[in-house]
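**Student:** got a predicted structure here, sequence first:
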Amino acid sequence: MTGPAKAVNPVIGRRLTSLGLTGEERFSIGSVESKPDAVTVRAESDGGKVIEFQCRVRIDTPTEWDYYRHGGILHFVLRDLASRGAADESGKREAN
């Protein structure tokens with residue numbers, strides 16, 4: 001995942017500038033598939049300067065993990081609606 005520094009929330013109480021970040025870096029964020037408490041974030045500037053730091057993972061509930069696994073709440077809701085629609089159609093065919 002890459003993006004501007006504003007999209008990354010370092011460990012609470014630290015400012016981006018205290019990490020030496022400008023907001024123009026590209027970010028690589030460690031995997032959260034194993035549901036860790038923290039991940040390593042790697043920020044790389046256009047000039048090649050690399051800064052790594054730890055961030056807390058704030059996916060706090062089982063429902064939030066479902067949203068994450070589906071690519072966000074919108075995808076989760078759309079898949080849920082589509083599966084309900086498919087189940088409704090299947091029920092209608094069986095009734096006929």
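**Tutor:** Yes, it's here. Numbering: from 1, shown residues only.
**Student:** please make it C-alpha for all contacts and neighbour counts, starting now.
**Tutor:** Noted.
**Student:** what are the buried residues along stretch 52-65?
**Tutor:** Neighbour-count burial for stretch 52-65, counted by 16 or more other CA atoms under 10 Å, picks out 55, 59, 65.
**Student:** let's have those in JSON lines, adding secondary structure, distance to residue 25 and pLDDT.
**Tutor:** JSON lines is the format used below for the buried residues of stretch 52-65 (DSSP: H, G, I helix; E, B strand; the rest coil; distance: CA to CA, whole Å; pLDDT from 0 to 100):
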{"residue": "55", "secondary structure": "strand", "distance to residue 25": "16", "pLDDT": "87"}
{"residue": "59", "secondary structure": "coil", "distance to residue 25": "24", "pLDDT": "89"}
{"residue": "65", "secondary structure": "helix", "distance to residue 25": "27", "pLDDT": "91"}
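**Student:** can I get the residues you listed in a markdown table with distance to residue 80?
**Tutor:** What follows is the buried residues of stretch 52-65, written out as a markdown table (distance: CA to CA, whole Å):
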| residue | distance to residue 80 |
| --- | --- |
| 55 | 31 |
| 59 | 20 |
| 65 | 15 |
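**Student:** which helix or which strand is home to the residue nearest the centre of the chain?
**Tutor:** For the chain, the residue nearest the mean C-alpha position is residue 68 (6.1 Å; CA atoms, centre = their mean). Using DSSP states H and E, residue 68 falls within helix 62-69.
**Student:** surely residue 52 is within a helix?
**Tutor:** No - Residue 52 is assigned strand when assessed by DSSP: H, G, I helix; E, B strand; the rest coil, not a helix.
**Student:** so where's the protein uncertain?
**Tutor:** Counting by pLDDT under 70, the chain shows low-confidence ranges at 1-14, 86-96.
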